[in-house]
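> sequence? don't have it. structure:
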């Protein structure tokens, strides 16, 4: 299977995760800057007025904020790429379920080697195999029932009785 070339497989899920990471990053950075500025302010209050100390503390945090702001897109991109490992399989599973419900050909599902939830693909494939086997058996039984009904009409007997006789005969075997 070829590697993913899209950043977002399931935008609704992945944007939600990305926005939550961004919110946490902003809260963390705000708290960190306030904490460091407060430390600087309290350590210098005996030399300068309190607001001047606080402003100096904020100024001293500018290089750290710039570096963190430059790293934020890298963190977000890496997070979104990581979410592909679970959003991709769920997207693929949803697509197969939709196709399955619309009566299309059942194709086994396969996730990429590094994707999460590999057992879900295996379990889905087992269910599909069982469904296909039951569908084939259903077709066989419908054909047999039709043949029994046709034979019963030709012979003038009640098809349900002929079917019951045939079923009890097969149960004895």
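On my side now, so go ahead. Only a predicted model underlies this, so the values are computations on that prediction, with no experimental measurement involved. Residues are numbered from 1 along each chain as shown.
> Need phi/psi at residue 71.
Main-chain torsions, residue 71, degrees, to the nearest 10: phi -80, psi -20.
> wait, isn't residue 86 in contact with residue 114?
No: with contacts counted by CB atoms under 8 Å, residue 86 stays clear of residue 114, the gap being 10.9 Å. In this view, the C-beta of every residue, glycine as well, is placed from N, C-alpha and C.
> between these two, which one's more packed in?
Taking other CB atoms under 10 Å, residue 86 and residue 114 do not tie; residue 86 has more neighbours (18 against 11).
> OK, contacts around the more buried one?
Neighbour list for residue 86: 115-117 [criterion: CB atoms under 8 Å, 6 or more residues apart in numbering].
> mind running it again at 10 Å?
Listed by CB atoms under 10 Å, 6 or more residues apart in numbering, the contact set of residue 86 reads 9-10, 13-14, 17, 111, 115-117.
> tell me which residues in stretch 7-27 are buried?
8-10, 14, 17-18, 21, 25 (16 or more other CB atoms under 10 Å).
> How about stretch 142-151?
Of the residues in stretch 142-151, residue 148 count as buried by neighbour count, 16+ other CB under 10 Å.
> Report the rounded mean pLDDT for it.
Per-residue pLDDT values over stretch 142-151 give a mean of 91.
> and the buried residues of stretch 7-27 as CSV, adding pLDDT, secondary structure and distance to residue 130?
Output for these, formatted as CSV (pLDDT from 0 to 100; DSSP: H, G, I helix; E, B strand; the rest coil; distance: CB to CB, whole Å):
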residue, pLDDT, secondary structure, distance to residue 130
8, 80, coil, 34
9, 80, coil, 28
10, 81, coil, 28
14, 86, helix, 33
17, 88, helix, 34
18, 87, helix, 38
21, 89, helix, 40
25, 90, helix, 46
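> Nearest to residue 107, out of those residues: which one, please.
Distance to residue 107 across those (CB to CB) is lowest for residue 9, with 18.8 Å.
> residues touching the closest one, list them.
80, 83-92.
> Can I have the buried ones of the residues you listed as a ChimeraX selection?
Typed into ChimeraX, the line below selects the buried ones among the contacts of residue 9, using 16+ other CB under 10 Å:
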select :80,83,84,85,86,87,88,89,90,92
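> Pick the one among the contacts of residue 9 closest to residue 102.
Nearest to residue 102 among the contacts of residue 9, with distances taken as CB to CB, is residue 92, at 15.8 Å.
> surely the closest one meets residue 110?
Yes: assessed by CB atoms under 10 Å, residue 92 is found in contact with residue 110 at 8.7 Å.
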